[in-house]
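**Student:** turn this into a structure:
(one chain, ligands or ions: 1)
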Amino acid sequence: MNVSFRIFDKQDIDAVLAIEQLAYEIPWNRAQFSQSLVNPNTLAHLILKENQIVGYSVALQTPDFTDLLNICIHPKFQHQGLGGQLFDYLLSESGARSIFIEVRASNRNALFFYKKLGFELINIRKKYYSDGEDAKILRFSISDKLE
Ligand SMILES: CC(C)(COP(=O)(O)OP(=O)(O)OC[C@H]1O[C@@H](n2cnc3c(N)ncnc32)[C@H](O)[C@@H]1OP(=O)(O)O)[C@@H](O)C(=O)NCCC(=O)NCCS
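**Tutor:** Below you'll find the predicted structure:
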């Protein structure tokens with residue numbers, strides 16, 4: 001499988017939006033991607049298979065940690081290890097010791113995925129989302145892995 005990675009740039013937004021709309025019930029819109037990409041603290045990557053965009057990640061870097069805002073693989077290409085590879089790539093590019101993510105409590109696929117990667121549940125924010133759903137706050141910590 002010929003997999004590669006590159007920076008997610010604004011000319012990629014159309015391809016990313018097409019995947020986003022297939023993968024999420026409540027997808028990000030164009031403005032959310034555009035605003036993220038102009039922020040100098042954003043780390044955004046694409047994963048490509050045979051030169052076709054099949055997934056992406058958008059994360060916000062702070063001096064102490066990385067906030068993973070969106071990670072997504074095209075539904076046709078899920079469960080093939082691509083999400084894990086994209087996460088490993090983000091980890092190596094960010095150099096972060098901790099990565100945080102908020103996940104909808106009902107997103108079982110993502111919760112399995114993060115558990116497999118080594119994330120731990122650190123908090124639940126009740127009714128965090130505008131539709132009233134709770135958010136689970138997960139943390140991946142490199143120092144925990146090394147100890
Ligand atoms: C979450 C997501 C990025 C995972 O990507 P993926 O490419 O399917 O994940 P991988 O194939 O790398 O899976 C890695 C591991 O996660 C676990 N996993 C992933 N999906 C799972 C599922 N539905 N059930 C159980 N375990 C699952 C497995 O342990 C898997 O390892 P294995 O294949 O060796 O068993 C993908 O499902 C996705 O894009 N979902 C829609 C968008 C989304 O919800 N993003 C997260 C928002 S917080």
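**Student:** tell me how many other residues crowd the residue in the chain that the ligand sits nearest to.
**Tutor:** Closest approach of the chain to the ligand (C-beta to the nearest ligand atom) occurs at residue 83, with a separation of 2.3 Å. Using the backbone N, CA and C atoms, a C-beta is placed for each residue, glycine as well. Applying other C-beta atoms under 10 Å, we find 23 residues neighbouring residue 83.
**Student:** can I assume it is in contact with residue 113?
**Tutor:** Yes. Taking C-beta atoms under 8 Å as the definition, residue 83 is a contact partner of residue 113 at 5.9 Å.
**Student:** low-scoring stretches of this structure, by residue?
**Tutor:** Applying pLDDT under 70 to the chain flags the ranges 1, 144-147.
**Student:** all helices of it, in order?
**Tutor:** 13-23, 30-38, 82-94, 108-117, 142-146 (DSSP state H).
**Student:** near the ligand, which residues of the chain?
**Tutor:** Proximity of the chain to the ligand, by C-beta under 6 Å from any ligand atom, involves residues 23-24, 71-73, 78-84, 101, 103, 107, 109-110, 112-113, 116.
**Student:** that's all I had, so thanks and see you.
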